[in-house]
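Trainee: Got a predicted structure plus its sequence, pasted below:
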Amino acid sequence: MRWLFLLHRYLGIAVGALMLMWCLSGVVMMYISYPALDANLRLEKLAPLNWSGCCRMADAVLANSSRIENGQIEMLAGRPVLRANFRLIDLTTGSSIDHVSPEQATAVALGFVKETPAAAPHFALIDYDQWTVSAEFDADRPLYRFALGDKLQTELYVSSTTGRAVQITTAGERLWNWLGAVPHWLYFTGLRRNAWFWSQVVIYTALLGCFLAGIGIYIGVRQMLAQPPGRWSPYRGFNLWHHLAGMVFGVFTLTWVLSGLLSMNPWGLLQGGSAQPERAQLRGPDPSAGQFKEALRAFVSSPPTDGVSLSIVPLDGRLFFIAATTRGERHRFDAGAVEAPLKDMDLSYVARTLSGHGPAVFPSLITHEDRYYFSHHRDMPSLPVYRMTLRDGSDTRYYIDSVSGMLLAKFDRAGQAFRWWHEALHRMDFTAAVRARPLWDALMLLLMSGVTFVCATGAYLGFRRIARK
């Protein structure tokens, strides 16, 4: 058994400090999330759609026979623009915008400035930085990064390809994330830019942490059971504290490292099926440019009130639009610019499409969170939504947007397992009662304190061993 003790010792030297860092940064992440631009905040900063002089289409770019994919109309520097088919089109002139100019990007940034500035916000054109290293920004590079000059030292990122604001950070968020999400996820720019290599580093360091915690639990139990009656441990000093803390919090240490490992879905263990095929089925054929142009004429004649964004959301091959306001309100309109809320016939189509060859299940409207569709403090779900669970033996759950009829989320068996093995174990998201504050804070801080103590004493013992050598 000596080899097992040596393995635990030297694994502790190798990854003990890393696990301590994971614990401390995890506490920070309880209160400070990684920066992200909230969709409602982006809508709030948009200018109302100006339909006068709209909407000329670039026939050379969008022929009548072409299809419109994910079209969206918003204002950019005082002009209505269409984002569709990986193109940006000025709807006032009908010309294609190949690159968003600094002046256009500055107009977007000024919408986020609370007070009229004495000068335009300073900007730099960048490819990557710490807060935009993820692949989700690849289609927007290079990015305009604006320093807004406010008390919070806000920095805003604007896409040079679409003119959309895509990221926002403050000095406080940046500071705390260097103590939270960045070390916790090993999210350093140089490492994260190579997504495959970064994922392998995270997976195998977490795997080493699992081995360390698992071996420690085995050794701790074995040593305790080997003691004569009346004694709990053969150790003294820090070794004793590490042994006793490991007996109380060792299982939590293991489950936290394991659930963190599973967040990466290593080797596809809990990789759920993509919802993209179902979304494509629900949409049906994308509308043609001719249909889209005809619909725009109707909106020019009868524009939605207070609309700042108009997005295409086909359903069953029929052309519909979602108009959003600065308050985050959304309304569905048909191709004639007439408001068209979801009807039973729409929901019947959704039920038939998602049920496939199994028995159709009519979606039910829910106004509250459930076991799989719920918020985690800052991450708030869209409610109400329609929910349906397949009766074909797979128990797959679907959540459908109550305004557009589009599929918001899918939980097959792998997705449901991921919810319990990662979210429940890693964040204590077992039930709504446990998630409620301040109970959640008290529970998490208690458990995190114990696990941190286990890792801190283990790291200290490892470094003390090196110092003695």
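Mentor: Received the coordinates, thanks.
Trainee: CA only for contacts and neighbour counts going forward, please
Mentor: Fine.
Trainee: Count the neighbours of the nearest residue to W131 once chain neighbours are set aside for me.
Mentor: Leaving aside its sequence neighbours, W131 sits nearest to P35 (CA to CA, 6 or more residues apart in numbering; 7.2 Å). P35 has 16 neighbours, counted by other CA atoms under 10 Å.
Trainee: same deal with G393?
Mentor: 8.
Trainee: What backbone torsions are found at it?
Mentor: phi 100, psi -10 (degrees, to the nearest 10).
Trainee: that older thread, test my guess that the residue nearest to W131 contacts A171.
Mentor: No. Contact status for P35 versus A171: not in contact, 10.7 Å apart, counting by CA atoms under 8 Å.
Trainee: got any residues that touch both of these two?
Mentor: Common neighbours of P35 and A171, using CA atoms under 8 Å, 6 or more residues apart in numbering, do not exist here.
Trainee: low-scoring stretches of the stretch 351-469 of the chain, by residue?
Mentor: For the stretch 351-469 of the chain, the stretches with pLDDT under 70 are 377-379, 469.
Trainee: And the helices in it?
Mentor: For the stretch 351-469 of the chain, the helices defined by DSSP state H, counting those that start in this stretch cover 413-418, 425-427, 432-435, 439-468.
Trainee: Out of those, the one nearest A298 is which?
Mentor: Set against A298 and scored by CA to CA, these come closest in helix 413-418, at 42.0 Å.
Trainee: So which elements touch that closest one?
Mentor: Packing partners of helix 413-418 (3 or more CA pairs under 8 Å, 6 or more residues apart in numbering; DSSP states H and E): none among the helices and strands.
Trainee: Need the contact partners of that helix.
Mentor: Taking CA under 8 Å, 6+ apart as the rule, helix 413-418 contacts L262, S263, L270, Q271, G272, G273, Y372, S394, D395, T396.
Trainee: can you rerun that using 7 Å?
Mentor: Contact with helix 413-418 is made by L270, Q271, G272, S394, T396, as judged by CA atoms under 7 Å, 6 or more residues apart in numbering.
Trainee: Buried only: go through the residues you listed for me.
Mentor: By neighbour count, with 16 or more other CA atoms under 10 Å, the contacts of helix 413-418 hold L270, Q271, G272, T396 as buried.
Trainee: Which of these sits closest to A135?
Mentor: Of these, the one sitting nearest to A135 (CA to CA) turns out to be Q271, at 19.0 Å.
Trainee: Got phi/psi on that closest one?
Mentor: Taking degrees, to the nearest 10 as the convention, Q271 sits at phi -80, psi 110.
Trainee: Can you point out the buried residues in stretch 428-442?
Mentor: In stretch 428-442, the ones that count as buried by 16+ other CA under 10 Å are M428, D429, R435, W440, D441.
Trainee: what's the answer for stretch 179-198, then?
Mentor: 179-189, 192-193, 198.
Trainee: Pull that stretch out as PDB, backbone CA atoms only.
Mentor: Taking C-alpha atoms only, stretch 179-198 is exported to PDB below (Å, rounded to 0.1, in the frame of the first residue of the first chain):
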ATOM      1  CA  LEU A 179      -9.600  36.200  -9.300                       C
ATOM      2  CA  GLY A 180     -12.700  34.200 -10.400                       C
ATOM      3  CA  ALA A 181     -13.600  32.700 -13.800                       C
ATOM      4  CA  VAL A 182     -10.200  33.200 -15.500                       C
ATOM      5  CA  PRO A 183      -8.200  31.000 -13.100                       C
ATOM      6  CA  HIS A 184     -11.100  28.700 -12.300                       C
ATOM      7  CA  TRP A 185     -11.600  27.800 -16.000                       C
ATOM      8  CA  LEU A 186      -7.900  28.200 -16.800                       C
ATOM      9  CA  TYR A 187      -9.200  30.700 -19.200                       C
ATOM     10  CA  PHE A 188      -6.000  32.500 -20.000                       C
ATOM     11  CA  THR A 189      -6.000  34.100 -23.500                       C
ATOM     12  CA  GLY A 190      -2.800  32.300 -24.800                       C
ATOM     13  CA  LEU A 191      -4.200  28.900 -23.700                       C
ATOM     14  CA  ARG A 192      -7.900  29.500 -24.500                       C
ATOM     15  CA  ARG A 193      -7.200  30.500 -28.100                       C
ATOM     16  CA  ASN A 194      -6.400  26.900 -28.900                       C
ATOM     17  CA  ALA A 195      -9.800  25.500 -27.900                       C
ATOM     18  CA  TRP A 196      -8.800  21.800 -28.300                       C
ATOM     19  CA  PHE A 197      -5.500  22.100 -26.300                       C
ATOM     20  CA  TRP A 198      -7.300  24.200 -23.600                       C
END
